[in-house]
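1. Provided below are the primary sequence and the corresponding predicted coordinates.
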Amino acid sequence: MSDAETPPTTEPTEPNEQQPTSKPEFEPVSVFDDGATMDLRPGADNCYKCSVCDTACPVAEVDDDFPGPKFQGPEQWRLKRKEGSEIDDSIMSCSNCMRCDDACPSSVPLSQMHNTARGEYVEEQMDKLSVEYVRNRILANYRTSAWFASKLPRLANFAMNFGPARWLMEKAMGVTSEREFPAFATQTFREWWRERGGADASRENARTARERRGEAVDAEKKVAYFHGCYSNYNTPEVAKALVRVFESFGYEIVAPEQRCSGTPMFANGMLADAERAAEVNVSSFADLVSEGYDAVASCTSCSMALRQEYPELFDIDGIEDVAENTFEALEYLRIQEDLEGAIADASVEEQAFAYHAPCHARNQGLDRQALELFRELDGVVVEDVGDSCSGISGTYGWKEEKYETSMKIGGDMFEHMHDAAGDVGMTECPTCAMQMEHGTGYEIKHPLQLLEEAIC
């Protein structure tokens, strides 16, 4: 073997020869204080800044100063990781239409972030003695005002729409004088419900209907009705229509104790108020769900609150069961009954409707249900007026500083309504109905009212 091929030899180490010292154990540098938590909201880092949510936002479309849902959601949460950062006050310009949720391709919980950020802003940064805070608190707690107004509804209707009073409310409270206040009913739904006989009367009516339909009289068909504030105090005719329609299909109805769904509270950052209302609602409906009832709502914002916003924002016993068993009224009947068949066999006097799908209906996948339901109804034409937002977004369009933005957002809807064949509007949302009537002068009906006319 040549020298080049001779393998190298390893010299033995002498006992007294010093060994190389090993590296000290690695100790990571602590960059956060002990006990500090990183506020990485689940889903925030799923945002890859495609800006689809911004293009879907109706406020950003008409207001160049509004930074859009991407900033209000993921960017706010990233900024909050920096010490001393505060929620940007533009969060109060979000209308809570929730169209960004529907638009996001990555399922980022945008509206959940907006609701939480808005609640934090109101709790920690808003002056509790400011006119804005007081005004928002009153608007958010509409149920309280409506309860008082319902005691003397005729007087309330006159006083609320008296010209000088509206002018004073705008100057002192920032509630726009451009809108007429909706009339309070002379008899609330719950007063009618009790006078009619409540759940006992409904049970008898439903049993009679089941017998007439050839169904088992003792069949379990029962629902718990979440009527909400507006159907109780302002449009009891919608709530009555639901009762009569459901009973005609053999459903026994109960109307349990309930508070506001919380939708106007979410939109105004009053999360503590919303949670108190949610605790009452969940307690009432969870007990009924455990007894085999399903919850139905005649307002798409109410069903949205119970199905999505409650479990996203609150930790209340029974909340998941209530969310999983809550339905919008027409949605429920279309799932459980041959509603299209009943419509196909019915007819009404000739009439045409301009239909607007509320944003909160779109978020639940219900935006075409009225069009699909009534297309076979003899004598009726229902025309979709497009996918634009109505712009009022609950209390948003009642604020003096937001009124013009609200009307700009609703401009496309108004134009399409005027171009539609009919001069009667239709929608499932009571505040969308206010905006539709305000912008066009049309009478507005709920789909349940047309359904009642057709099959009851």
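-> That came through, no problem. Residues are numbered from 1 along each chain as shown.

2. for the stretch 351-456 of the chain, what are the low-confidence residue spans?
-> Scanning the stretch 351-456 of the chain for pLDDT under 70 picks out no residues.

3. ok, which stretches of it are helices?
-> Listed in chain order, the helices found in the stretch 351-456 of the chain under DSSP state H, counting those that start in this stretch are 359-362, 369-374, 403-409, 411-419, 430-440, 447-455.

4. check the stretch 151-300 of the chain too.
-> With helices called from DSSP H, counting those that start in this stretch, the stretch 151-300 of the chain shows them at 153-160, 163-173, 189-196, 198-212, 228-233, 236-248, 263-267, 271-290, 300-304.

5. just the helices of the stretch 351-456 of the chain: most buried one?
-> Stretch with highest mean neighbour count among the helices of the stretch 351-456 of the chain: helix 359-362 (a mean of 26; mean count of other C-beta atoms under 10 Å). (Glycine included, C-beta is placed from N, CA and C.)

6. which other residues reach that helix?
-> For helix 359-362, the surrounding residues in contact (C-beta atoms under 8 Å, 6 or more residues apart in numbering) are 97-99, 102, 300-301, 303-304, 328, 367, 369, 387, 389-390, 393, 428-429.

7. cool, and stretch 127-135?
-> Under the criterion C-beta under 8 Å, 6+ apart, residues 122, 126, 172-175, 399 lie in contact with stretch 127-135.

8. where does the prediction get shaky in this structure?
-> Along the chain, segments meeting pLDDT under 70 span 1-43, 80-84.

9. how about 50 then?
-> Counting by pLDDT under 50, the chain shows low-confidence ranges at 1-20, 26, 28-40.

10. list the contacts for the nearest residue to residue 364 once chain neighbours are set aside?
-> Taking C-beta to C-beta, 6 or more residues apart in numbering as the measure, residue 364 lies nearest to residue 304, with 6.1 Å between them; neighbours along the chain are not counted. Contacts for residue 304 (C-beta under 8 Å, 6+ apart) come out as 98, 263, 360, 363-364.

11. could you rerun that using 10 Å?
-> The neighbours of residue 304, taking C-beta atoms under 10 Å, 6 or more residues apart in numbering as the test, are 98, 101, 111, 261, 263, 266, 297, 310, 326, 328, 358-361, 363-364, 366, 429.

12. closest to residue 139 out of the helices of the stretch 151-300 of the chain?
-> helix 263-267 (6.3 Å; C-beta to C-beta).

13. and that closest one, what does it pack against?
-> For helix 263-267, the contact count by 3 or more C-beta pairs under 10 Å, 6 or more residues apart in numbering; DSSP states H and E identifies helix 110-124, helix 131-140, helix 142-151, helix 228-233, helix 271-290, helix 300-304 as packing neighbours.

14. apply 8 Å and report the result again.
-> Helices and strands touching helix 263-267, by 3 or more C-beta pairs under 8 Å, 6 or more residues apart in numbering; DSSP states H and E, are helix 110-124, helix 131-140, helix 271-290, helix 300-304.

15. tabulate the CA atom coordinates of it in CSV.
-> Backbone C-alpha positions of helix 263-267 (Å, rounded to 0.1, in the frame of the first residue of the first chain) are rendered in CSV as follows:
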residue,chain,number,x,y,z
THR,A,263,-78.1,42.7,17.6
PRO,A,264,-78.3,46.5,18.2
MET,A,265,-76.1,46.0,21.3
PHE,A,266,-73.4,44.2,19.2
ALA,A,267,-73.5,47.0,16.6
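
16. how far does it sit from its chain's centre?
-> Distance, stretch centre to chain centre, for helix 263-267: 8 Å (C-alpha atoms, centre = their mean, to the nearest Å).

17. begin at 10, not 1, for the rest of this chat.
-> Shifting the count to begin at 10 puts that one at helix 272-276.

18. contacts for stretch 74-91?
-> Taking C-beta under 8 Å, 6+ apart as the rule, stretch 74-91 contacts 47-50, 53-54, 56, 58, 60, 62-63, 66, 68-69, 94, 96-97, 99-100, 102-103, 109, 117-119, 122-123, 126.

19. among the contacts of helix 368-371, which lie within strands?
-> Filtering the contacts of helix 368-371 for membership in strands, criterion DSSP state E, returns residue 337.

20. and the contacts of stretch 74-91, which are buried?
-> The neighbour count (16 or more other C-beta atoms under 10 Å) marks 50, 53, 56, 62-63, 66, 68-69, 96-97, 99-100, 102-103, 109, 117-119, 122-123, 126 as buried among the contacts of stretch 74-91.

21. helices or strands next to the lengthiest strand in the chain in the packing?
-> Counting residues, the longest strand found in the chain (DSSP E) is strand 356-364. For strand 356-364, the elements it packs on are helix 378-383, strand 387-393, strand 433-435, helix 456-464, judged by 3+ C-beta pairs under 8 Å, 6+ apart.

22. ok, now with 7 Å
-> When contacts are defined as 3 or more C-beta pairs under 7 Å, 6 or more residues apart in numbering; DSSP states H and E, strand 356-364 sits against strand 387-393, strand 433-435.

23. using PDB, list the CA coordinates for it.
-> Extracted C-alpha coordinates of strand 356-364, given in PDB (Å, rounded to 0.1, in the frame of the first residue of the first chain):
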ATOM      1  CA  SER A 356    -103.500  31.500  -5.200                       C
ATOM      2  CA  VAL A 357    -103.900  35.100  -4.200                       C
ATOM      3  CA  GLU A 358    -105.000  38.300  -5.700                       C
ATOM      4  CA  GLU A 359    -102.600  39.600  -8.300                       C
ATOM      5  CA  GLN A 360     -99.700  41.600  -6.800                       C
ATOM      6  CA  ALA A 361     -96.000  42.300  -7.400                       C
ATOM      7  CA  PHE A 362     -93.200  42.600  -4.900                       C
ATOM      8  CA  ALA A 363     -89.700  44.100  -5.000                       C
ATOM      9  CA  TYR A 364     -87.700  41.800  -2.700                       C
END
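
24. enumerate the positions of it that are buried.
-> By 16+ other C-beta under 10 Å, the buried positions in strand 356-364 come out as 360, 362-364.

25. between it and helix 456-464, how big is the angle?
-> Here strand 356-364 runs at 160 degrees with respect to helix 456-464, directions being taken by axes from the mean of the first three to the mean of the last three C-alpha atoms, to 10 degrees.
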